[in-house]
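J.: just need the structure, nothing else, for what follows:
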Amino acid sequence: MRWLAALLLLLLAGPGFAVQLRTEVIAGGLDHPWSLAFLPDGDVLVTERSGQLSRISGGRVEKISGVPRVLAQGQGGLFDVRLHPDFATNGLIYLTYAHGTPRANGTRLARARLDRNRLRNLEVLWTATPLKARTVHFGGRITFLPDGTLLVTTGDGFDFREDAQRLGSPLGKVMRLTADGKPAPGNPFAGQEGALAEIWTLGHRNPQGLAVDQARGLVFSHEHGPRGGDEVNILAQGRNYGWPVATRGRDYSGATISPYRRYRGMEEPLLDWTPSIAPSGLAVYRGAMFPEWNGDLLVGALAFRELRRVHLSSDGRTVLGQESLLKAMGARIRDVAVAPDGAIWVTTDAPDGQVLRISRR
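T.: This is a model prediction of the structure:
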């Protein structure tokens, strides 16, 4: 039946189906490369889950010193890297990573100034506290909004999924912070007794995809379900995205997590995947190289070992089709990013992972 599912994806792929792709290896030998960021001078930053930040420059991988110590156990390690919107003048970059010990850990946000191949003036801006006891479900994606505030995702910690519904817990949330790591003004639960002022949305399991579509004024995210129930959501402040009250997934044991697939007052996903594709990394395509894909979502898939294109309506609120890309490689795709020239860059999740550039043939 897998061939039938693949055929259905192709038939529903919409404009851009069967575009011929060229894949180029930019860098290899990386330890589970997790995230990419494009620098103004054409170089590219890449994080490795083991704790290394590097610069890809002229075909060489140059290690950057001064990176904070990370907890590289389980699913923990060094996660996302993002440039400050005014990076060209201030040189600031932002990192997320697992902080602490195997028995007491959490997602942490830090900022530093990039001085060629050294980080200077490292500042810890925010930590998900209280710390949790397992090295899984950290979330860890970050992105800037047009108003200069910063979104940070956190996972539910696996054993603490009920905390995703608790406003006094940082787990299973999307936080909105100032560029200095403080709760951003106007957050929906600020001033509410017992609630964390930095919370922007709640009810998430393990969100590892986050992207702003400035053309539509939308924020997209995706998150891992358990056995099934991976989700793509359109985020809006103050909304509850359901986990674990409403889910289309089941527990790994096969047991029912919740009798509810939907629940009043909780948002339904734009798209869900059962079985799980294990989504990781998310980009809204905007570029000249693949104009027929403009406005579509690009999603890395760890379990399905592919890059998934999600074809969207012009307003971004309806899924019109999907297409499986890079399937023949058999690689777990961890991150996806759109370069300034419109090429698509991905990282492969492996002990000897690669950075790949995808262009048009």
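J.: from now on I want contacts and neighbour counts done on CA atoms only, so please keep to that.
T.: Fine.
J.: so where is the chain shaky, pLDDT-wise?
T.: 1-17 (pLDDT under 70).
J.: for Q73, which three-state class applies?
T.: Following DSSP: H, G, I helix; E, B strand; the rest coil, the label given to Q73 is coil.
J.: just give me the neighbour total for it.
T.: 15 (other Cα atoms under 10 Å).
J.: next one: the one 10 residues further on
T.: Counted with other Cα under 10 Å, residues neighbouring L83 total 23.
J.: how close does it sit to G191?
T.: Note on L83: its distance to G191, by Cα to Cα, to the nearest Å, is 30 Å.
J.: just checking, what packs against the longest strand seen in the chain?
T.: Looking across the chain with DSSP state E, the single longest strand is strand 104-115. Counting contacts by 3 or more Cα pairs under 8 Å, 6 or more residues apart in numbering; DSSP states H and E, strand 104-115 packs against strand 92-101, strand 118-127.
J.: same for the first one, what does it pack against?
T.: Other helices and strands packing on strand 92-101, by 3+ Cα pairs under 8 Å, 6+ apart, are strand 78-83, strand 104-115.
J.: isn't L302 up against A278?
T.: Yes: judged on Cα atoms under 8 Å, L302 makes contact with A278 at a distance of 5.2 Å.
J.: can you map out the helices along this structure?
T.: 2-11, 87-90 (DSSP state H).
J.: and the last one, how far out from the chain's middle?
T.: Average the C-alpha atoms of helix 87-90, do the same for its chain, and the two points are 24 Å apart (Cα atoms, centre = their mean, to the nearest Å).
J.: switch to numbering from 856
T.: Renumbered: residue one is now 856, and that last one reads helix 942-945.
J.: buried ones in it?
T.: For helix 942-945, a neighbour-count test (16 or more other Cα atoms under 10 Å) marks nothing as buried.
J.: beta partners of the closest residue to T1173 other than its chain neighbours?
T.: In space, and not counting its chain neighbours, T1173 is closest to L1167: 5.7 Å by Cα to Cα, 6 or more residues apart in numbering. Note on L1167: beta-bridge partners V1174, judged by DSSP bridges.
J.: same thing with Y1115?
T.: Beta bridges link Y1115 to A1101 when assigned by DSSP bridges.
J.: for it, give its distance to Q928.
T.: Distance, Y1115 to Q928, by Cα to Cα: 34 Å.
J.: repeat that for G897.
T.: Distance from G897 to Q928, by Cα to Cα: 32 Å.
J.: return the set of buried residues in the longest strand of the chain.
T.: So strand 959-970, judged by 16+ other Cα under 10 Å, has buried residues 960-969.
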